[in-house]
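Asker: Sequence plus the predicted model coming up.
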Amino acid sequence: MERIRVIGLGKSFGVRQVFTNVSFEIKHGERVGLVGPNGAGKSTLMKCMLGIEEADEGQIVKDSATTIGYLQQDINLGDESLAIEIQKAFADVQQWEAQLLEVSKQLENNPHDEGLLKRLAHIQDRLDWLGGYDYEAQSRRIAYGLGFSDEDLTKSVSEFSGGQKTRINLAKALVRRPDFLFLDEPTNHLDMDMLEWLENYLSAYGGGILIISHDRYFLDRVTTRIVELEHHKATTYRGNYSRYVEQRAAQRKAQQSAYEKQQEYIRKTEEYIDKYRAGIKSKMARGRQSQLNRLERLEAPESSEQLTFKFPKAEFSADKVLTVEELFLSYGTKDIVDDVSFMIRRGEAVALIGPNGAGKSTLLKAITGELTPEAGFIDIGSRVSIGYFSQEHEELHPQWTAVEEVMSQFNYSEEKARNVLGMFLFRGDDVFKQVRDLSGGERARLSLLKLFLQGDNFLILDEPTNHLDIPTREVVEEALMGFTGTLLVVSHDRYFLDKVAKRTLVLQPEGIEEFQGNYTYYKEKLEEQAQLAEQEALNNIHLRETTQDAMEFAASKASKENNSDNGEPKKLNAYMQAKQLEETETEIARLEATLKMYEVQLQNPVLQADSEALADTAAHMEEVNTKLAVLYEKWEQLAQ
């Protein structure tokens, strides 16, 4: 079985050790999640596996022919069109095509050469696996799945936003179907529809996958094994993210218990030795000392330094915290939010979701007063104090240091400001870093600190978990779950929304749709609606087919009755002819729509991976095509 093995890998930058003696493997068909806190070295480990960084010790073992697709966080694209940029990923396919042409020419002169025939079969297998025979269509499919249109394919990649460029890099990693995919934060900048598309695509992918991600919902849906990189070491766990959390908790509990028991044994033994060091039991005391000297000491379980905070009790406010009525917002000539109405009451935790570009952040800015609506109104209840977390962190001052940000806003002394900054993991000289030099995670923590210190009773949060590692996300979740005020949250972090939100608002072009539950509840309701719609469609099809059978029987009977004495059929009158023509056209339209549905289903990666389902769909399509051929002929006869 094809695999990539990591054996005793170690890496340091100067005196700082990143990781040591890391060993694990990725088998063909496995989907491995690489997790750990920010700064643990996950991206560095992946780069060492790819040969981009040189490891200090250990080795990577893989077949020389193994191909790897890589999605990196750094975006470096040129000025070519999107279509050309994506097709650059097929450089290896084009090389295999050149080899195929060369071997084919050689076989013209030596048609029975076994070596050439084997080589030809190998090249054809590689081209088939890499999608070499339909890579243009495959490129378009993946581009569509990641939210790009036909018009986008002709645009220069330099015209796209940072988030769109991330998606372009993702398309380039996916499109060539390599043996292994290495994905570093693939869910950044994807909306929920695209996330679900990517989850389905990766779940059906035949090769091996290594994923670095802080998206726990995504890891739950995709991964089959987790490798945790923490305290310079790697530990492997079977199963998805939730299973890893359970195993890790049980393992750490067992380690802590064993350590505490050994420490208790050591304490009692040392007391015995001290008590009987001299006297009649001195020989026994020396024996105990020898046992203690030979004892293999367990190390205390290591724990990472974590953010710890709880929001203060929220001040009492009016019951109706926020009322939005028939709101209309636009940007230039483009309508962003149209006819949106909803209400949030005191103590509610509400999620606001919708596709990228739906206007979620624009709506939040209107609620906080940064934008003025063209129509409708927004009413903030009495005694409501709004705390706003912006995903762009505009409330921070780039030229100020972290400690100045706190001192200036809250009139704190430097000592007090450094103390509260320490609660949010700003240590030593970190407090003197200018805001412009802070990492994304550090800026997010600083904004959270200011929100915590303000003591507002209505928190509006726009992507609060962006740039935060998993341990920090968990702390923020716990703090928000304990918050006694009111919450309105925009987030693509579905795991976070499941923990925090109790009601979900879906922003769509036609307005707001409400669901009285968290994200998973919302998805379950959508599934129920889809099943009901499907059943209704099947019932309608059955009804139409039953009606059609009855009509055909009646037509057959009428045909027999219309036969003349000499056996020649009589012509239908104009009314019956027009009626049958209309019915035939209706049935043709229905079957053409059914055929289109099957064609769309064939593009689904999940269906493509299931040979039995694929065969069933193809058989249904053939049956529909046969019926259509008969109906087309009937229509021509009636039309004449």
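Answerer: Thanks, I have the structure now.

Asker: Would you mind writing the CA trace of stretch 111-129 as PDB?
Answerer: Only the C-alpha atoms of stretch 111-129 are listed here, as PDB (Å, rounded to 0.1, in the frame of the first residue of the first chain):
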ATOM      1  CA  PRO A 111       4.100  -3.200 -31.700                       C
ATOM      2  CA  HIS A 112       5.000  -6.400 -29.800                       C
ATOM      3  CA  ASP A 113       7.600  -4.900 -27.400                       C
ATOM      4  CA  GLU A 114       6.500  -6.000 -23.900                       C
ATOM      5  CA  GLY A 115       8.500  -3.300 -22.200                       C
ATOM      6  CA  LEU A 116       6.900  -0.600 -24.300                       C
ATOM      7  CA  LEU A 117       3.400  -2.100 -23.800                       C
ATOM      8  CA  LYS A 118       3.900  -2.100 -20.000                       C
ATOM      9  CA  ARG A 119       5.200   1.400 -20.100                       C
ATOM     10  CA  LEU A 120       2.200   2.500 -22.100                       C
ATOM     11  CA  ALA A 121      -0.200   0.800 -19.600                       C
ATOM     12  CA  HIS A 122       1.600   2.500 -16.700                       C
ATOM     13  CA  ILE A 123       1.300   6.000 -18.400                       C
ATOM     14  CA  GLN A 124      -2.400   5.400 -19.200                       C
ATOM     15  CA  ASP A 125      -3.000   4.500 -15.600                       C
ATOM     16  CA  ARG A 126      -1.300   7.600 -14.400                       C
ATOM     17  CA  LEU A 127      -3.200   9.800 -16.800                       C
ATOM     18  CA  ASP A 128      -6.500   8.200 -15.800                       C
ATOM     19  CA  TRP A 129      -5.700   8.700 -12.100                       C
END
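
Asker: Just the mean pLDDT for it, thanks.
Answerer: The average pLDDT within stretch 111-129 is 83.

Asker: Stretch 430-444 too?
Answerer: For stretch 430-444, mean pLDDT rounds to 91.

Asker: One more: stretch 253-261?
Answerer: Mean pLDDT, stretch 253-261: 91.

Asker: now swap in stretch 389-400 and tell me
Answerer: Predicted confidence along stretch 389-400 averages 91 (mean pLDDT).

Asker: next one: stretch 302-319
Answerer: 86.

Asker: ok, and what's touching it?
Answerer: Here stretch 302-319 makes contact (CB atoms under 8 Å, 6 or more residues apart in numbering) with 37, 230-231, 345-346, 381-385, 423-425, 445, 448, 452, 455-458, 471-472, 475-476, 479-480, 482-486. Backbone N, C-alpha and C define where each C-beta goes, glycine included.

Asker: now what about stretch 497-511, what contacts it?
Answerer: With contact meaning CB under 8 Å, 6+ apart, stretch 497-511 is reached by 217, 337-342, 348-354, 358-360, 363, 477, 480-481, 487, 489, 491, 512-522.

Asker: Filter the contacts of stretch 302-319 down to just the buried residues.
Answerer: Buried members of the contacts of stretch 302-319, scored by 16 or more other CB atoms under 10 Å, are 37, 230, 345-346, 381, 384, 424-425, 445, 448, 452, 456-458, 471-472, 475-476, 479-480, 483, 485-486.

Asker: Just those residues: which are in helices?
Answerer: Residues of these located in helices (DSSP state H): 445, 448, 452, 471, 472, 475, 476, 479, 480.

Asker: Among those, list the two that are farthest apart in space.
Answerer: 452 and 471 (17.5 Å; CB to CB).

Asker: Could you report the neighbour count for residue 330?
Answerer: Neighbourhood size, residue 330 [other CB atoms under 10 Å]: 15.

Asker: How far off centre is the helix or strand containing it?
Answerer: Residue 330 is part of strand 320-331, with elements assigned from DSSP states H and E. Here strand 320-331 is found 30 Å from its chain centre; the criterion is CA atoms, centre = their mean, to the nearest Å.

Asker: In PDB, list the C-alpha atoms belonging to it.
Answerer: Only the C-alpha atoms of strand 320-331 are listed here, as PDB (Å, rounded to 0.1, in the frame of the first residue of the first chain):
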ATOM      1  CA  LYS A 320     -36.500  43.900  23.300                       C
ATOM      2  CA  VAL A 321     -32.700  44.400  22.800                       C
ATOM      3  CA  LEU A 322     -32.800  44.800  19.000                       C
ATOM      4  CA  THR A 323     -35.600  45.400  16.600                       C
ATOM      5  CA  VAL A 324     -34.900  45.500  12.800                       C
ATOM      6  CA  GLU A 325     -37.800  46.400  10.500                       C
ATOM      7  CA  GLU A 326     -37.900  46.300   6.700                       C
ATOM      8  CA  LEU A 327     -34.200  47.300   6.500                       C
ATOM      9  CA  PHE A 328     -32.600  48.200   3.100                       C
ATOM     10  CA  LEU A 329     -28.900  48.700   2.600                       C
ATOM     11  CA  SER A 330     -26.900  49.100  -0.500                       C
ATOM     12  CA  TYR A 331     -23.300  49.600  -1.600                       C
END
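
Asker: In the sheet, which strands lie alongside that strand, parallel or antiparallel?
Answerer: strand 334-345 (antiparallel), strand 375-380 (antiparallel) (DSSP bridges).

Asker: what packs against the helix or strand following the last one?
Answerer: If I follow you right, that is strand 375-380. Later in the chain than strand 375-380, the nearest helix or strand by DSSP H and E is strand 386-389. Judged by 3 or more CB pairs under 8 Å, 6 or more residues apart in numbering; DSSP states H and E, the packing partners of strand 386-389 are helix 440-454, strand 458-462.
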